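A.B. asks: any chance you could fold what I've pasted below:
(one chain, ligands or ions: 1)
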Amino acid sequence: MEKKSKIYVAGHRGMVGSALVRALEKQGFTNLVTRTSSELDLRDQQAVARFFAEEQPDYVFLAAAKVGGILANNTYRAEFLYDNLMMEANVIHQAYVQGVKKLLFLGSSCIYPKLAPQPLREDALLTGLLEPTNEPYAIAKIAGIKLCEAYRDQYGCNFISVMPTNLYGYGDNYDLQGSHVLPALIRKFHEAKVEGKPQVEVWGTGSPKREFLFADDLADACLHLMENYNERELVNIGSGEDLSIRELVSLVATVIGYEGEVKWNTDKPDGTPRKLMDVSKLHGLGWKHTIELPEGIQLAYQDFLQHYEQYAL
Ligand code: GFB
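C.D. replies: As a prediction, the model looks like this:
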């Protein structure tokens, strides 16, 4: 990419898209194109076609998606499948039609089979059954990967796919029904501390293991791959380290300074038992994360405190 290249970041208001915009601006890219979802509904085929014809971007980061935690994925199964399929199909097809030089598609670690060997290697894709709680989302993301591969195979498009692990960071979703575990814990422990509550409820058994990456690290990895990777095969993006939800709960409680009890609600699902990325390919391509989990939780908590009024409404 050249500093003046026209770069479209789809989903720039989200946690990942906004981190991508920050990273691009920091590296001196000046010609960024963005649209809010009310300005451009990426599910609308005609609208996306018009937008690409007008703007003719050189590069595309496809970070727009309907996302959420385990409960949102399991509840809004139709929207997670439909919205994501439509957005991916429209953007990837128009990137082909308008001759975009390169597109980076963001998938998710949930594309791998529920019981795939750990750590998850890129070649585990489509080797077994998916985790049921997020199967619609995973199927949509697998379709996105296959679109990138198919447009490359048939038309020679330089479309690459990257698979981030569980993410957290600035501007995360703190809605307790829709969020992922890390922002949920930050909010629950903060509110319990402030309100002097003796107990906080968390979900599941605490035994599942997860890996977490700060969204600004992910954005940095995406820029690195946009500049240095041009192959058909996907690339995992993670820290390569995981911990149990029980350990995460202790860590977040410590950062926030909550000393009460934790109650495990086992009526809520655990999801996949483990999702640890094999990041040897990414490391081989010359990239490694910089923000470790305790530091990242501190940063996310500071961001949460700055915007707390808006979450508490
Ligand atoms: O982050 P999370 O919602 O999603 O949940 P997944 C991770 C684990 O944390 C599960 C537990 O075992 C939850 O039961 N957990 C404990 C909680 N307390 C809470 C809580 O208060 N809120 C939440 N949300 N979880 C998602 C997928 O799976 O991960 C998506 O549904 C996507 O498709 C995303 O892949 C990265 O890691 O289980």
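
A.B. asks: how distant is stretch 280-295 from the center of its chain?
C.D. replies: The chain centroid and the centroid of stretch 280-295 are separated by 16 Å, computed with C-alpha atoms, centre = their mean, to the nearest Å.

A.B. asks: quick one: contacts of stretch 5-18?
C.D. replies: Stretch 5-18 is touched from outside by 1, 20-21, 24, 29, 31-34, 36-37, 42, 55-65, 67, 87, 91, 101, 106, 164, 167-173, 215, 218-219, with contacts defined as C-beta atoms under 8 Å, 6 or more residues apart in numbering. (C-beta placed from N, C-alpha, C; glycine too.)

A.B. asks: so does that stretch get close to the ligand?
C.D. replies: No: judged by C-beta under 6 Å from any ligand atom, stretch 5-18 and the ligand are separated, with a smallest distance of 11.1 Å.

A.B. asks: so which bits of that stretch are buried?
C.D. replies: Buried residues in stretch 5-18, counted by 16 or more other C-beta atoms under 10 Å: 5-12, 14-18.

A.B. asks: same question, stretch 74-88
C.D. replies: 74, 76-77, 80-81, 83-88.

A.B. asks: swap in stretch 193-204?
C.D. replies: Burial within stretch 193-204, assessed by neighbour count using 16+ other C-beta under 10 Å, is assigned to 193, 200, 202-204.

A.B. asks: just after the helix or strand harbouring residue 190, pick out the following helix or strand.
C.D. replies: Following DSSP states H and E, the helix or strand that holds residue 190 is helix 181-195. Next along the chain after helix 181-195, taking DSSP H and E as the criterion, comes strand 199-203.

A.B. asks: ok now that next one, how far from the chain's centre?
C.D. replies: From the chain centre to the centre of strand 199-203 is a distance of 25 Å (C-alpha atoms, centre = their mean).

A.B. asks: next SSE after it?
C.D. replies: Remark: after strand 199-203, the chain's next helix or strand is strand 209-214, criterion DSSP H and E.

A.B. asks: what average pLDDT does that next one get?
C.D. replies: Here strand 209-214 scores 98 as its mean pLDDT.

A.B. asks: how about stretch 102-112?
C.D. replies: Averaging pLDDT along stretch 102-112 yields 98.
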